[in-house]
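A.B. asks: turn this into a structure:
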Amino acid sequence: MSLVSHALSPLLETRATPVMAPDQHGDYQAALPTEHDGQSNPNNGMTAPRSLDGYLQHAYDSTASSSASSSLTVDSVLHQIKHQWRYMIIITALGISSAADAAEMFTIGYVLGDPGFQQEILQGDLATGGALVAGILNIGMIIGGLGAGSSEGRLGRKYILLVGLLITSLAGFGCAAVPNVGLFALCRFLAG
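C.D. replies: As a prediction, this is how the structure comes out:
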């Protein structure tokens, strides 16, 4: 018995922990195991775990047996896609957004080195304007991250994610259309 399970065993043995168990239709329902006698629960046929090690072993065994018994078929893959397509879209959107942020952070050196950009947007002031343009994105990321993190509990993660992606997209298009360094820095701040 490990040190952690020995220390937590009084807590685990004094409470009935809900266990996820399949019903007759294959849907998982929360069920309480029987008291601390280790006998099967007549409602779900599962044995109550008696320690942290037993609980983790039980979770591993139930997962390994269910995944080993299910074969990879076209129907099972289509079933997973049908139920998980929203998560796939969110992960793809986050990947594209992260790639866009990385591209924007790494390409600013090439943009600042362009003589046309230096003359038209920075108006020849590479030291001040270039430092402003290069650093303002990081400041926007810090402030935007703090603002999004503090408001996601009230507004929801999905809303914050979509608004953040919209602001980043609009600010990226704004960076391409602005005529001077002040507006360019503002758009880069908003993109952060």
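A.B. asks: what is the burial count for residue 87?
C.D. replies: Here the number of neighbours of residue 87 (other Cβ atoms under 10 Å) works out to 9. The way it works is simple: take the backbone N, C-alpha and C, and place the C-beta from them, glycine included.
A.B. asks: the helix or strand where it lies packs against which elements?
C.D. replies: Applying DSSP states H and E as the criterion places residue 87 in helix 74-113. With contacts taken as 3 or more Cβ pairs under 8 Å, 6 or more residues apart in numbering; DSSP states H and E, helix 74-113 sits against helix 126-155, helix 157-177.
A.B. asks: from the contact counts, what lies against whatever helix or strand comes next after the last one?
C.D. replies: By that I understand helix 157-177. Where DSSP H and E defines the elements, the next helix or strand beyond helix 157-177 is helix 181-191. Secondary-structure packing of helix 181-191 (3+ Cβ pairs under 8 Å, 6+ apart): helix 126-155, helix 157-177.
A.B. asks: turn those helices into JSON lines, including mean pLDDT.
C.D. replies: Listed next are the helices and strands packed on helix 181-191 as JSON lines, based on pLDDT from 0 to 100:
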{"stretch": "helix 126-155", "mean pLDDT": "88"}
{"stretch": "helix 157-177", "mean pLDDT": "87"}
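A.B. asks: mean neighbour count and distance to residue 118 for those helices - can I get that in TSV?
C.D. replies: Listed next are those as TSV, based on neighbours: other Cβ atoms under 10 Å; distance: least, Cβ to Cβ, whole Å:
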stretch	mean neighbour count	distance to residue 118
helix 126-155	14	6
helix 157-177	14	16
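A.B. asks: format these as CSV; extra columns: distance to residue 189.
C.D. replies: Below are the helices and strands packed on helix 181-191 laid out as CSV (distance: least, Cβ to Cβ, whole Å):
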stretch, distance to residue 189
helix 126-155, 4
helix 157-177, 8
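A.B. asks: of all these, which lies closest to residue 119?
C.D. replies: Closest approach to residue 119 among the helices and strands packed on helix 181-191 (Cβ to Cβ): helix 126-155, 10.2 Å.
A.B. asks: report the angle between the closest one and helix 181-191.
C.D. replies: With axes from the mean of the first three to the mean of the last three Cα atoms, to 10 degrees applied, the angle from helix 126-155 to helix 181-191 works out at 30 degrees.
A.B. asks: show me what helix 126-155 is packed up against.
C.D. replies: helix 74-113, helix 157-177, helix 181-191.
A.B. asks: worst mean pLDDT among those helices?
C.D. replies: With a mean of 82, helix 74-113 has the lowest mean pLDDT of the helices and strands packed on helix 126-155.
A.B. asks: hmm, back to that, so can I have CSV of the helices and strands packed on helix 126-155 showing distance to residue 119?
C.D. replies: Putting those into CSV (distance: least, Cβ to Cβ, whole Å) gives the following:
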stretch, distance to residue 119
helix 74-113, 12
helix 157-177, 17
helix 181-191, 12
